[in-house]
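Visitor: Just a sequence and a predicted model for now, questions to come.
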Amino acid sequence: MNEQKNVILAIALSAVVLIVWQFFFGMPQLEKQRQIAQQQQQQQQAQPVQPGAGGTAQPSTGTPTPGAGTSAPPVPGQTEPSQARSREAVIAAGPRVPVETPNIHGSIALTGARIDDVALVRFRETVDPKSPAIVLLSPSGTPQPFYAEFGWVGAAGQAVKLPGADTVWRQEGSGALTPSHPVTLVWDNGEGLQFRRTITVDDKFLFTVKDDVTNSGGAPVTLYPYALISRHGTPHTLGYYILHEGLVGVLGDQGLQELTYKTMDEKKAVSFKVTNAWLGITDKYWAATLLPDPSASLQAKFSAGTIGTTKTYQTDYLLDPQTIQPGGTVSASGRLFAGAKEVSTVDGYDKALQLNRFELLIDWGWFYFITKPMFWVIDFLFQWTHNFGIAILLVTVLIKGVFFPLANKSYASMAKMKSFQPQMQQIKERFPDDKVKQQQELMDLYKREKINPIAGCWPVLIQIPVFFSLYKVLFITIEMRHAPFFGWIHDLSAPDPTTVFNLFGLLPFDPMMVPMIGSFLHLGAWPLIMGVTMWVQMQLNPTPPDPTQKMIFTWMPVLFTFMLANFPAGLVIYWTWNNLLSVIQQAVIMRKNGAKIELFDNIKGLIPKRKTQE
């Protein structure tokens, strides 16, 4: 009766594992597919937006500025056109300045002078190098506007004509914006103020915007410099709790601030009065962030709003006011990072611009002290091998070397425990109905022979932080995106694309489309290999005396095979290689300690025997 209860308990535990896995990993995948389909449907329908309904959230700080005598004005929100059009049509509709760098192709609209057209030409939507480039920023009026804007707002009670979203700037000279050729835009308000904007770009993803205002009038004018990043529509996110997607920034002493789109929908606005800050909006691999001067005092804000039925999200900052005396000129500078979150690039900007931990734009997580060094080691080995998959295999060998003494001790204890299996069986036979006495005798045996019954857990436990850090590296770093291995693995950061349920592609059938259980039917070749190696390793371990433990360990390779099927292929390859190394190490130690390796006997035991007729 007790054994039946233990079997039921083991099955129940297995079911709980699968349910939890489905909740945290299977359901987010289904939700992601649903959001993508919904987003495509919305783009096709191109729902009209009510004109004049206001723009993105209007961040009115309302905080008195020292010495200004008035409250700080709001950073302007933006008005959306009444009808969304294709991105290509909007870009072609007005005059623009081309942007051409080794990493970025796009343009700057002369109407509004926004940076609103950025495509990342080194990164493609799929592993096919001919697939479209990743589009990061898009103009207002497209289905998914996402843009940056710099400008000035006037002090309260001061009527000044300022450039806005509809202002048409004039380019001085000609030519595209390139790393070696800055662009200057000018606009005169006809009331004594001339605005001059110089935009430069480096060979990676950094725009620098310098605004000069000259006052040729007869009275002083007070203006506040501002910058904003606005995103219209809620983008689909992966939904994993280990990855932040949304509004982000390190705001002085307030530290890292990460607010999801859902949180912003609830809070509406969050304001900060800080120095040494940066802020923006991040996706998994891409981001657009404002990088003000670290010494500047600014009023920063995260906000959410609506235009008609479309949700909008904005990060912005307002600098201290500047008064332009008659005949005088004032200047303000700002920077925009709009690009891929490459580790070397982000770290380089962090150091060169003396920013406040800009490295945290990449979500290294709570285990930063493990995750980032793990990336450094893999990337260092990649420079030698030119293959991230091989680098992962070499990292596995290094990790096995680091934990070699501990693993050896654990495997030696397991081998010793296995050699005493006959004595353990005798104890069970002597006290078949007295479980307490069995445990007492077993503990005396362990103590007498210096056996650690939990030694077998250590090789697994020491893998947990390594496993998690490698998973994080594969999941968040763009360097791993579309990184090939060998054979059918063209992207180490994505799951093995094959599945046994359609004979690895021989049948024209996608098991993932099966309702409810589709996520469990994605079982590729590498997860199967991993499951086999894990089972082989389990056969080298001593048989647990408790039936429940025995049942759990028997089913564990099967559970892990299905669980890891949706993990990045690089992680499954790591686990497989680690299992193989562990099997070799454990077999050598067992042989050295005189323990019998019963692997082939266990395999034979799985084959049903024919009944012989007498």
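Guide: Perfect, I can see it now.
Visitor: these two touch, right, residue 234 and residue 312?
Guide: No. With contact defined as Cβ atoms under 8 Å, residue 234 does not reach residue 312; the gap is 9.2 Å. Quick note: C-beta positions are derived from backbone N, CA and C, even for glycine.
Visitor: Looking at these two, which is more packed in?
Guide: Set residue 234 next to residue 312 and count neighbours by other Cβ atoms under 10 Å: residue 312 wins out with 23 against 18.
Visitor: Over to that one. Which of the three states is it?
Guide: Applying DSSP: H, G, I helix; E, B strand; the rest coil to residue 312 yields a three-state assignment of strand.
Visitor: Okay, and the beta partners of it?
Guide: residue 232, residue 305 (DSSP bridges).
Visitor: Tell me which helix or strand residue 389 sits in.
Guide: According to DSSP states H and E, residue 389 maps onto helix 388-402.
Visitor: What is that helix packed up against?
Guide: Here helix 388-402 touches helix 368-385, helix 463-476, helix 569-592, going by 3 or more Cβ pairs under 8 Å, 6 or more residues apart in numbering; DSSP states H and E.
Visitor: Same list (those helices) but as TSV, adding mean neighbour count.
Guide: Shown next, in TSV, are the helices and strands packed on helix 388-402 (neighbours: other Cβ atoms under 10 Å):
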stretch	mean neighbour count
helix 368-385	16
helix 463-476	20
helix 569-592	20
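Visitor: Read off the pLDDT value for residue 399.
Guide: At residue 399, the model reports a pLDDT of 86.
Visitor: Identify the residues contacting the closest residue to it other than its chain neighbours.
Guide: Of all residues not flanking residue 399 in the chain, residue 466 sits nearest, at 5.6 Å (Cβ to Cβ, 6 or more residues apart in numbering). Contacts for residue 466 (Cβ atoms under 8 Å, 6 or more residues apart in numbering) come out as 370, 374, 399.
Visitor: next one: residue 375
Guide: So residue 375 contacts 343, 473, 477, 479 (Cβ under 8 Å, 6+ apart).
Visitor: same check, this time on residue 492
Guide: Neighbours of residue 492 in contact, by Cβ under 8 Å, 6+ apart: 388, 389, 392, 474, 480, 483, 484, 485, 568, 569, 570, 573.
Visitor: any idea how far it lies from residue 92?
Guide: Residue 492 sits 38 Å away from residue 92, going by Cβ to Cβ, to the nearest Å.
Visitor: Break the chain down into its domains, please.
Guide: 46-76+83-363, 372-606 (automatic domain parsing).
Visitor: Can you tell me which of the ones you listed has the worst average pLDDT?
Guide: Of all those, the minimum mean pLDDT falls on domain 372-606 (a mean of 80).
Visitor: Run the chain-centre distance for it.
Guide: Remark: domain 372-606 is offset 26 Å from the chain centroid, using Cα atoms, centre = their mean, to the nearest Å.
Visitor: Number the chain from 25, please
Guide: All right, first residue 25 from here; so that's domain 396-630.
Visitor: So what touches stretch 349-360?
Guide: By Cβ under 8 Å, 6+ apart, stretch 349-360 touches 139, 172, 174, 176, 230-244, 247, 249, 251, 253, 312-317, 343, 346-348, 377.
Visitor: Now which of those residues would you call buried?
Guide: By neighbour count, with 16 or more other Cβ atoms under 10 Å, the contacts of stretch 349-360 hold 139, 172, 174, 176, 230-231, 233-239, 247, 249, 251, 253, 312-317, 343, 346, 348, 377 as buried.
Visitor: Roughly how far does the residue nearest to residue 242 when sequence neighbours are not counted sit from residue 216?
Guide: Closest residue to residue 242 apart from its sequence neighbours, by Cβ to Cβ, 6+ apart: residue 350 at 5.5 Å. To residue 216, residue 350 is 8 Å away according to Cβ to Cβ.
Visitor: list residues touching both of the two?
Guide: Contact with both residue 350 and residue 216 is made by residues 239, 240, 241, 242, according to Cβ under 8 Å, 6+ apart.
Visitor: Now do the contacts for the nearest residue in space to the third one that is not next to it in sequence.
Guide: Right, the one you point to is residue 241. On the basis of Cβ to Cβ, 6+ apart, the spatially nearest residue to residue 241 that is not a chain neighbour turns out to be residue 216, at 2.7 Å. Under the criterion of Cβ under 8 Å, 6+ apart, the neighbours of residue 216 are 239, 240, 241, 242.
Visitor: swap in residue 492?
Guide: 391, 394.
Visitor: 7 Å - rerun?
Guide: Counting by Cβ atoms under 7 Å, 6 or more residues apart in numbering, residue 492 touches residue 391.
Visitor: now residue 307
Guide: Under the criterion of Cβ under 7 Å, 6+ apart, the neighbours of residue 307 are 259, 269.
Visitor: Equivalent analysis for residue 555, please.
Guide: Residue 555 makes contact with 581, 582, 584, 585, according to Cβ under 7 Å, 6+ apart.
Visitor: Kindly list the main-chain dihedrals of it?
Guide: Torsion angles at residue 555 (phi, psi; degrees, to the nearest 10) stand at phi -60, psi -40.
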